[in-house]
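A.B. asks: Next input, structure requested:
(one chain, ligands or ions: 1)
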Amino acid sequence: MKYNFDEHINRYGTYSSKWDGVDSNFNGNDLLPMWVADTDFRVPHEVVEEIKKRLEHPIFGYTLPEDELYEVIIKYVKDMYDWDIKKEWILFTNGVVAACHIAVRSFVNPGDEVMIQSPVYYPFQKLIKANGAIVVDNKLVRNEDQYYMDFNDMRSLFKTTIGFGGKIARLKAAILCNPHNPIGRVWTEEEIREYAEICMENDALIISDDIHCDLLLNDNKHTMLAALDKRYEQNSITIIAPSKTFNTAGLKGAVTIIPNEKIREDFAYTQMAGYNSPNILSLAALKAAYKYGKQYIEDINNHVSNNLEYFTNYINENIPELTVIQPEGTYLVWVDMKGLGMETEELNKFMIDKVKVATDFGNVFGEEGAGYQRFNLGCTLDTVKECLNRLDLAISEWRNNR
Ligand SMILES: Cc1ncc(COP(=O)(O)O)c(C=O)c1O
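C.D. replies: Numbering: from 1, shown residues only. So this is what the prediction gives:
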């Protein structure tokens, strides 16, 4: 390992949402932040150097992506995901959520439906509703201790139903989260093909949020939907970003890949209403991260895999009320805490008042998430240990008081 992800870096006083904002956000006190998806890791040295280089010029006017940036992105996508993309397919956006929002705004009319798969990253619901569209939930199914897509249910969502409770199918787009936040599945090629075929048969545009694609635990392999078939390529929007992997979320920025010319033009037209040029420093970070980041990716994945192993073993051995759902990707881990027998609000309050660890409350990701908490393991092993220590103490006390 070249990178030391166990280095303690004090983030207090840096206006970090995760650290400086934790107590006020959760109305708590001295909380350990294991929420919000950014890591406590230093970004690669080359990212800092590239930003510094740009800072040496004292003018920060509107900017153009440089040719080398396109080359770096094309090479990165080919090397990592075996997808040949073209320069003209690449658009820059202010972030992944922004790109999803622009896509829904461009291709879904108010009153139309957009499919998500809960439990899932909650801004999807918000952006669908903010565009006057209707959220259609193809809920993931938990089988034993893993989650799967329910393709029969997915097919039924595209059908018009008659009789009581009947409705006209208006499902125009689907947001795929791959790897899936919060449950950490890295969808297999087979699953992605089935998902894509159902969408294709029903003329639904696929918006594939691949922001976590580099973050693969153990031996899991990421499959990019559009890379599998030219037909999928022509019917999808793929969004990637360096922000989760390289910890640059505060710089904002994402790469949106749209092979279909008409879709790309319509997307760009909508985007123009609120965007005219990328952020200069974000482009500098993007170039350096994708150009020099391979070792960083390997090391972060090893580090998070080790954190996950420690976290899982500790819970299995000491806290039988909890079940760790094994993520295949991301640095997020979904923990079933229903064994504590608490109601949703009681459990959330318990995390803040007794455990004193700030997690993302499971119910926020969809109603099926009630009784779960999402922990962020993008931190030092010491932070993982501190989190487990706090959990163990609070749950022991809860057991004693029963
Ligand atoms: C699946 C997913 N998409 C998008 C985002 C946010 O991306 P951005 O900050 O670029 O909007 C996150 C952040 O956690 C995420 O998990």
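
A.B. asks: Next one, pLDDT for Tyr147 please.
C.D. replies: Tyr147 carries a pLDDT score of 98 in this model.

A.B. asks: And the one 5 residues further on, by the same measure?
C.D. replies: Per-residue confidence at Asn152 stands at 98 (pLDDT).

A.B. asks: same question, the one 3 residues further on
C.D. replies: The model reports Arg155 with a pLDDT of 97.

A.B. asks: Going along the chain, name the strands of the stretch 1-150 of the chain.
C.D. replies: 32-33, 90-93, 113-116, 134-137, 141-143, 146-148 (DSSP state E, counting those that start in this stretch).

A.B. asks: Within the sheet, what are the partner strands of the first one, with directions?
C.D. replies: What that stands for is strand 32-33. Taking DSSP bridges as the criterion, strand 32-33 forms sheet pairs with strand 357-358 (parallel).

A.B. asks: returning to what we had before: among the strands of the stretch 1-150 of the chain, which is nearest the ligand?
C.D. replies: Put simply, out of those the one that sits nearest the ligand is strand 90-93, at 8.1 Å, with distance taken as CB to the nearest ligand atom. Every C-beta, even on glycine, is put in place using the N, C-alpha and C of the backbone.

A.B. asks: could you give the mean pLDDT of that closest one?
C.D. replies: Computed over strand 90-93, the mean pLDDT rounds to 98.

A.B. asks: Can that strand be said to contact the ligand?
C.D. replies: No: using CB under 6 Å from any ligand atom, we find that strand 90-93 stays clear of the ligand, coming within 8.1 Å at best.

A.B. asks: Which residues does that strand contact?
C.D. replies: Under the criterion CB atoms under 8 Å, 6 or more residues apart in numbering, residues 65, 70, 73-74, 99, 102, 239, 253-258, 264, 267-268, 271, 275, 278, 283 lie in contact with strand 90-93.

A.B. asks: same thing but at 7 Å, please
C.D. replies: Defining contact as CB atoms under 7 Å, 6 or more residues apart in numbering, one finds that strand 90-93 is touched by 65, 70, 73, 99, 102, 253-258, 264, 267-268, 271, 278.

A.B. asks: low-confidence ranges in the protein?
C.D. replies: Nowhere does the chain drop to pLDDT under 70.

A.B. asks: For the stretch 151-300 of the chain, what lies in contact range of the ligand?
C.D. replies: Counting by CB under 6 Å from any ligand atom, the residues of the stretch 151-300 of the chain close to the ligand are 177, 181, 209, 211, 241, 243, 249, 254.

A.B. asks: burial count for the first one?
C.D. replies: Okay, so that is Cys177. For Cys177, the count of nearby residues is 23 (other CB atoms under 10 Å).
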